[in-house]
Structures are given as C-alpha cells and as structure tokens.
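Peer 1: this one's structure only:
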C-alpha cells in the first residue's frame, strides 16, 4: 500500500491520516493552469488589474517598506487572501487570514454570502495588525489580529455583536484612540430602496470592545435628496491634520463610484469635497473598446516616499456586461487637487497599462522584486501540498483528499454534489483571464449512475459545467460534458457524451478546458501519451458570468468527484 502525504490545509482538521484505499477514489495527475494577459507593459509601466481574478474589495496598509492587501472571499475556504509587496506592483500571496475552521465555518451559505469586504489596518500603539470583516449569512462582525502577517497565524475571531450591517473598517488615530466605521441602515425607517448610512463608534483596542454610542456620519450619501444608493465600504484617514472619509455609492454595478468627505474630527460632521466622485466609470460609452466597468470600493495608501495610491475593484467584461473573472483589484496613483485626493478624473477610462510614478520606479528598482506572475503556468498542487491559490467550496469538515509522494492527488468521491450548498469534494482556483487553458489526467472507473470525477468550472451552485467520467442510465461508462445554468433552480443547458470502450474505460484519460476566445469554453479529451486531442463539446462562457448567475463571485476551475 502506498503511503500518502498529509496536505497542509488539514493541519486544522482533527483526526489521523487515513489511506483512501477502501473505495474507488479518483486519482489526478498534475493540474496545470495557464492564462494570457490581454495587454503588455514596458519596463517603466505596470498592468491592471494587479490581482486578476475574483479578488474584490481590496484593503491595504503599509508598515515600513511592507505593503499588505486583503480581499473578500465570500463562501470560499480558506478565507481572505492576503498579499505582500514592497513596490505595489509585484504581489506575492502569503496565504489566507482565515485558514482554520475555528476562524471560518461556512456551512450552507450561498456562494455570494460569507466573508464581505475585509479591512486590514496596523495599530502602531500596540504594534498589531487587525483584520475586520462581516460573516454575511453565517455570523456577525468579527476581527482577528496578529503581530506578523507573514506568518499567516492570526487569532481566533473576536466578535463585535453590536456592530451590525456590513463593510466594517478600523481607524487608529495618532492620539491612541481607535474607531470602527461600517454600513448599516439609517437611524430611522429607510426612505427608499438602497438607503443606507455610514456609522462610526469608538473602539477600545486595549480591551477588545466598542465603547460609547455609535453615530451616523453619512446618511444616504453625498446628497440624500438625490436618493443615492448603497453607501458602503467606508475608510477613514488623517492626512496633514484633516480627516478624510471615503466611501462608495451606487452599488457594485455600472453606477459604482467613490466619494470623499472631510472633517476636523473623526466623529464629524463631514463635508463633501469639491470634486466628487473621485473614481467612477459610470456614464462612459458602453461601446468603448476593452471596457473596464464598476470601478469603486477603494482604499488609499501612502508610500514611504510620500506618494499616494488607491487600490479598488473593477470588472473586465467581454460582451454586454458578461465577465467570468469577477471583481478584480486595480491600482492607480492618486493626485491631489486643492487638498483633495483624486483617483481618476471624471470621464477618464481606467487604464490597463499605467506609467510608473518616479517613486514607484525607485521602489521597484531598489527592491528588485520579482513577485507573483499571475499569468505564468501554475500547478494547483505539487508533492509538497496545495498551492496558495487553491480554494474549497465552503469549509471542509472532513479530509477528502490526499497528495501522494509521486505528486498525484487522490480525491474521495462523496455524496455531496456540487449543487447541494455543502462542501463537495472540489479543489479549485480562480479563473483570472478571458483566455486560459487548464488540463489534468484522470484515473478512475465509475460504478454507479451518481459517480462522477473530472473537471468543474464553477460559478455558483446553479451555474457550473462538469466534464469527466461517469455512468449513463444504461450503466455504460462515458465521458460526459454537462452545463447547468439558472438563478433559481438547476437547469441542464448543454449535454455531450462519448461512450468508452472496455479498453478506454480502464485507461487514464487526459482532460482539457480552453478559453480560446472570451465567448466560449472548449472541452477536449485524449488517451495515451501522444495526446491527440478530441473536442467533446463547447459551452458559451456567458453561462458562468455574474450577469447570468448573479452574485459577486467569479469563476473557479478545478477537480471534483462525487458518488453514492
């Protein structure tokens, strides 16, 4: 019997290592993913998005020369990807903030619920990093803390039950006081759909609690008479003695926009700056070439040389608002106009290719950063364990996979299916480009009609594509390609089958998914080392877009197995 190596994520799961030998497991060779950037940058330029794929709601902080950035993860596990950089351009994923079930236990929540809009801040008064977020659909506002984000060993969550709503953020002032801002309903009955407010309350960081009475600092938005919707994502800064409150209006769709206000006190009153919004793509021609849309939900950071930058989310649709990569993280330099920060002038498009600032050039040259190349070929696992990009659908409650010494992955088929709002036997990664290729090889013989193993392209529990080996209604082993799409119930959209001969059903089969164009995914198979690929079928990529599926997540792709 071969001995399997226990993979890294199971450090948090109780129990001994068990050998997957008592049932018909699915064995996968390496899973290779390769994507293409649609733009090119010169030596003195950088590309947007800086974090392609579903890495939305960025929050950033700097301590010395180190920058740390976190993103929303919704109902994926581990939660809250965390990144490190020393030049703002090249980022390396450290891992995840919420990487233990005791920190993040999502059970049956929708994929677009879960971890919303995390905020990362550093408190210089106790030399501690804080990450605060909302457990939408499964919990309340909590925060975790650490003295070193590079260790990825954050505390268990500390609950703040009095802080309702979403999008909490910290502000640590120079005088030692601290505050929490968040989005909640107004103090009275809302006047219209989307009427929300930004609240502030004092935070006692010495005793891990909120104190005093909360106060509304923005009611509705900049001008409540215009019925602005969904004021959210607040961040507070103190710059040259003045307090700046930045937030997003208009929801995360095409009307998304970033606004900013000022005050002489962290508790307000806050007055809108002269130029608003300071970032939006609202109102630009819909037929513009290679559009970037939905820009907003920003956070600001000052570099060690005094320059300012903004990270924010935006979307790269390929047609009529359809996109598969989700909301992604972008970066732009901030310019100051009469003591007001402006991320992007009104009417300007968010650029894909950005010229480095003088200070950014120095940072990049001095630090000689290589960092993370999001478009380089990447393996989902190796013999050493899962990649840092690997993700699960909700929190695993049992061990269902093992990585062997030869680098192959054994995946236990379980009764939990991909559409059942649970934790299926799925390991995937985010799709980060309009054009990509993913392939693996599968050794597996299904026995019952519910048995399946192969590749899944997953948007949510209603919209997904599965491609692999299964058994048809007549009991014959087949290669199957099926796509499902509906916002309310599972509906079969595409179905392709190939009946395997007695020889082929026992052979290793190679599986490949390609997005040769943004409009379509092609699914191919091959037998033997020659890899003479045969196309089984094609699926419209719009099936996996948020415009079809709804919600806030992008597409993930990975391996999956289920059975009776």
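Peer 2: That came in fine, so what should we check first? None of these values were measured; they are calculated from a predicted model.
Peer 1: let me know the helix or strand that the closest residue in space to residue 128 that isn't next to it in sequence is in.
Peer 2: Closest residue to residue 128 apart from its sequence neighbours, by Cβ to Cβ, 6 or more residues apart in numbering: residue 145 at 5.2 Å. From N, CA and C alone the C-beta is placed, and that goes for glycine too. Counting by DSSP states H and E, the element that carries residue 145 is strand 141-146.
Peer 1: before we move on, the earlier item: so the residue nearest to residue 128 sits right up against residue 154, yeah?
Peer 2: Yes. Counting by Cβ atoms under 8 Å, residue 154 is a contact partner of residue 145 at 6.7 Å.
Peer 1: of those two, which one has the most company?
Peer 2: Between residue 145 and residue 154, counted using other Cβ atoms under 10 Å, residue 154 has the larger neighbour count: 23 against 17.
Peer 1: ok, that one - contacts?
Peer 2: Residues in contact with residue 154 (Cβ atoms under 8 Å, 6 or more residues apart in numbering) are 97-98, 103, 131, 144-146.
Peer 1: can you do 10 Å?
Peer 2: By Cβ atoms under 10 Å, 6 or more residues apart in numbering, the contact list for residue 154 reads 80, 82, 96-100, 103, 129-131, 143-146, 148.
Peer 1: please apply the same query to residue 408.
Peer 2: 2, 4, 27-30, 381, 383, 402, 440-441, 443.
Peer 1: report the two of these separated the most.
Peer 2: 2 and 440 (19.4 Å; Cβ to Cβ).
Peer 1: the two: which is more packed in?
Peer 2: Higher neighbour count among residue 2 and residue 440: residue 440, with 23 against 11, using other Cβ under 10 Å.
Peer 1: give me the sheet partners of the helix or strand containing the more buried one and which way each runs.
Peer 2: Per DSSP H and E: residue 440 is located in strand 436-443. Using DSSP bridges, strand 436-443 pairs in its sheet with strand 26-28 (antiparallel), strand 32-35 (antiparallel), strand 509-517 (antiparallel).
Peer 1: the chain: helices as residue ranges?
Peer 2: 358-367, 502-506, 546-549 (DSSP state H).
Peer 1: pick the most buried one from these.
Peer 2: helix 546-549 (a mean of 20; mean count of other Cβ atoms under 10 Å).
Peer 1: how far does that helix sit from its chain's centre?
Peer 2: With Cα atoms, centre = their mean, to the nearest Å as the basis, helix 546-549 stands 16 Å off its chain's centre.
Peer 1: average pLDDT for that helix?
Peer 2: Mean pLDDT, computed over helix 546-549, is 94.
Peer 1: now stretch 508-524
Peer 2: Rounded mean pLDDT across stretch 508-524 is 97.
Peer 1: quick one: distance of it to the chain centre.
Peer 2: Worked out by Cα atoms, centre = their mean, stretch 508-524 lies 23 Å from the chain centre.
Peer 1: and what of stretch 120-135?
Peer 2: So, by Cα atoms, centre = their mean, the centroid of stretch 120-135 is 20 Å from its chain's centroid.
Peer 1: tell me the mean pLDDT for that stretch?
Peer 2: On average, stretch 120-135 scores 97.
Peer 1: list the buried residues in it.
Peer 2: Going by neighbour count (16 or more other Cβ atoms under 10 Å), the buried part of stretch 120-135 is 120-123, 128-135.
Peer 1: could you list the low-pLDDT ranges of the stretch 301-450 of the chain?
Peer 2: Applying pLDDT under 70 to the stretch 301-450 of the chain flags residues 364-371.
Peer 1: residue boundaries of the strands in it?
Peer 2: For the stretch 301-450 of the chain, the strands defined by DSSP state E, counting those that start in this stretch occupy 308-315, 328-333, 335-337, 340-342, 353-355, 378-379, 381-382, 385-386, 392-393, 401-404, 409-411, 425-430, 436-443.
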